[in-house]
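Peer 1: below are the sequence and a predicted model for it; my questions follow.
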Amino acid sequence: MHRPLRQTYDDYNAIPAVNWSTLKELRKSPLHYKYALDFSQKETPSLLLGRAVHAAILEPENWLGAFAVRPEGIDRRTKIGKEDFAKFEAENQGKTVLTAEANKTAWTIGTCVREHPLSAHFFTRSDSFRESTILWTDEQTGLKCKGRLDLCNLDHRLLIEIKTANSIGEREFSLQAWKLGYFHQLAFYAAGLKTMCGVEPDLRIVAAESNPPHDVAVFAPCLDTMYAAGEEVKDLLQKLLHCRDTGKWPGQHPNLTTLSAPRFALGFDD
């Protein structure tokens, strides 16, 4: 049985294979997928916070070596300010720089997740794979695929994805999870684990609220939801194969589209 690979993100990113962060753009259109493939995603404050939260949960022992807090009160317009900031950069070369607020938020969320009674045991097992890589070939399309898993444990047949959200209320988070493709991501990774490692894992989403008090929930996606997400992932891979074969990457509306007002404006009761 093959096992997930431990490698840096740069090494993972260099592997020429289909990954979910790009494939999900195909849910909008082939044009959006092609753009995401050709142009790297800019690291927004939200993405940076998410990366820091993952590190605070999965690798808290490496936190000080991976992140630095941007000093406040330095006026980089002055000679002294420029010198002070250059000294800060030299002392923290290779580290990801966070604002004081982002640093506090990420570490606090990480602590809340690591201490939550339903999730704490996930992150203390020494036999778990953290931020690990899986590689496989999709059986239907022959496409080479890859995934970078937040956490998996082959012995316990467990696959976990970590997410942050404004609300972890069941209804609100369910809508977010479907819209942003969290279920689909799990389905994609589960297929990869089955192909590469021969394991059909139980699936969990550990969700934490991004605002205080940083409530935490552990969700187990239902079977019907995962079936629907898995079928859509299969369709996306088939669509990707077709686009590659034809060299055509249409947008959302390649044909004339009738546009109607919202249902409430037309007198429909929903």
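Peer 2: Cool, the structure landed.

Peer 1: okay, and for the stretch 1-150 of the chain, where does confidence drop off?
Peer 2: 1 (pLDDT under 70).

Peer 1: all helices for it, in order.
Peer 2: 9-13, 20-23, 30-38, 45-58, 63-66, 79-91, 100-115 (DSSP state H, counting those that start in this stretch).

Peer 1: of all these, which lies closest to K248?
Peer 2: The closest of the helices of the stretch 1-150 of the chain to K248 is helix 30-38. By C-beta to C-beta, the value is 7.4 Å. Every C-beta, even on glycine, is put in place using the N, C-alpha and C of the backbone.

Peer 1: just the pLDDT for the residue nearest to D215 when sequence neighbours are not counted.
Peer 2: Spatial nearest neighbour of D215, excluding adjacent residues (C-beta to C-beta, 6 or more residues apart in numbering): E209 at 4.8 Å. For E209, the model assigns a pLDDT of 97.

Peer 1: next, E209: phi, psi?
Peer 2: Main-chain torsions, E209, degrees, to the nearest 10: phi -70, psi 140.

Peer 1: list the contacts of it.
Peer 2: T164, A165, N166, S167, I168, D215, V216 (C-beta atoms under 8 Å, 6 or more residues apart in numbering).

Peer 1: now the fifth one: phi and psi?
Peer 2: When read as degrees, to the nearest 10, the backbone of I168 gives phi -110, psi 20.

Peer 1: got it, and A220?
Peer 2: Given degrees, to the nearest 10, the pair of backbone angles that A220 has is phi -110, psi 110.

Peer 1: does it touch P201 like I think?
Peer 2: No. Using C-beta atoms under 8 Å, A220 makes no contact with P201, being 11.6 Å away.

Peer 1: okay, those two: which has more neighbours?
Peer 2: Of the pair A220 and P201, P201 is the one with more neighbours under other C-beta atoms under 10 Å, namely 20 against 10.

Peer 1: what sits closest to the more buried one if chain neighbours are left out?
Peer 2: L159 (3.9 Å).

Peer 1: what helix or strand is the one you found located in?
Peer 2: L159 is part of strand 158-165 when elements are defined by DSSP states H and E.

Peer 1: alpha carbons only: can I get that strand in PDB?
Peer 2: Only the C-alpha atoms of strand 158-165 are listed here, as PDB (Å, rounded to 0.1, in the frame of the first residue of the first chain):
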ATOM      1  CA  LEU A 158      -9.800   9.200   8.400                       C
ATOM      2  CA  LEU A 159      -9.600  12.300   6.200                       C
ATOM      3  CA  ILE A 160      -9.900  15.700   7.600                       C
ATOM      4  CA  GLU A 161     -10.200  19.200   6.000                       C
ATOM      5  CA  ILE A 162      -9.900  22.400   8.000                       C
ATOM      6  CA  LYS A 163     -12.000  25.400   7.200                       C
ATOM      7  CA  THR A 164     -12.800  28.800   8.600                       C
ATOM      8  CA  ALA A 165     -16.100  30.500   8.300                       C
END
